[in-house]
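Participant: what's the 3D shape of this:
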Amino acid sequence: MERYTVAVQTEAFDAGAELARLSADPAVGALVSFTGLVRDYGDTTGVAALELEHYPGMTEKALTAIVDDARARWPLSAATVVHRVGRLELGDTIVLVVVAASHRRDAFAAAEYLMDYLKTRAPFWKKEIGRDGTAHWVEAKASDEAAAGRWTGEES
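Facilitator: Numbering: from 1, shown residues only. Got it, this is the predicted structure:
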């Protein structure tokens, strides 16, 4: 079993299969997962879809580096990061982070760390497409930047 995996793909992923794969190790005492979905913000933006772009090779290398960094910070048994690219419709899965560790605190912290990185530093470009066909590129939110900054002492 590959213990640390990173994938960038257009296809949907099977979160249940990833959870089962990582929980097969008898040393795992905690398994924390996060699945992100394309959502309608319920406001006047009227989001109909997202388009995510990346640079193949560079993105996988950057995601592998952040998983390696999480492994250096916490004693993890395994981790999986799957991020989708291309056009995604409302309700589609975007991202999956699964972290396995002996103890829950390590698993929760590492999963949160990985998601904070994915929201702010990962080399993906996200475009929101409105129901009216208009589109605009999305910048990282100040709240996401502040969350990520706590790992480096750069909180705002």
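
Participant: how about low-confidence regions in this structure?
Facilitator: Scanning the chain for pLDDT under 70 picks out 1, 42-45, 141-148, 153-156.

Participant: show me where the chain has its helices.
Facilitator: Using DSSP state H, the helices found in the chain span residues 15-23, 58-73, 104-120, 142-149.

Participant: deepest in the core, which of the ones you listed is it.
Facilitator: Mean neighbour count (mean count of other CB atoms under 10 Å) peaks for helix 104-120 among these, with a mean of 19. Where C-beta positions appear, they are placed from N, C-alpha and C, glycine not excepted.

Participant: what's in contact with it?
Facilitator: 29-34, 63, 66-67, 70, 73-76, 79, 81, 83, 95, 97-101, 124, 140, 144-145, 147-148, 150-151 (CB atoms under 8 Å, 6 or more residues apart in numbering).

Participant: distance of Lys126 from Ala17?
Facilitator: Distance, Lys126 to Ala17, using CB to CB, to the nearest Å: 26 Å.

Participant: kindly report the same for Glu11.
Facilitator: 13 Å.

Participant: which ones are touching Ala7?
Facilitator: Contacts of Ala7 (CB under 8 Å, 6+ apart): 13, 60, 80-83.

Participant: the residue in the chain sticking out farthest from the centre and Ala48, how far apart?
Facilitator: What lies farthest from the middle of the chain is Asp132; by CA atoms, centre = their mean that is 28.1 Å. To Ala48, Asp132 is 8 Å away according to CB to CB.

Participant: could you do Trp125 as well?
Facilitator: 18 Å.

Participant: more neighbours: which of these two?
Facilitator: Ala48 (17 against 12; other CB atoms under 10 Å).

Participant: now for the closest residue to the more buried one other than its chain neighbours, how many residues are close by?
Facilitator: With sequence-adjacent residues excluded and distances taken as CB to CB, 6 or more residues apart in numbering, Ala48 is closest to Arg131, at 4.5 Å. By other CB under 10 Å, 12 other residues sit near Arg131.

Participant: with Thr80 instead?
Facilitator: 24.
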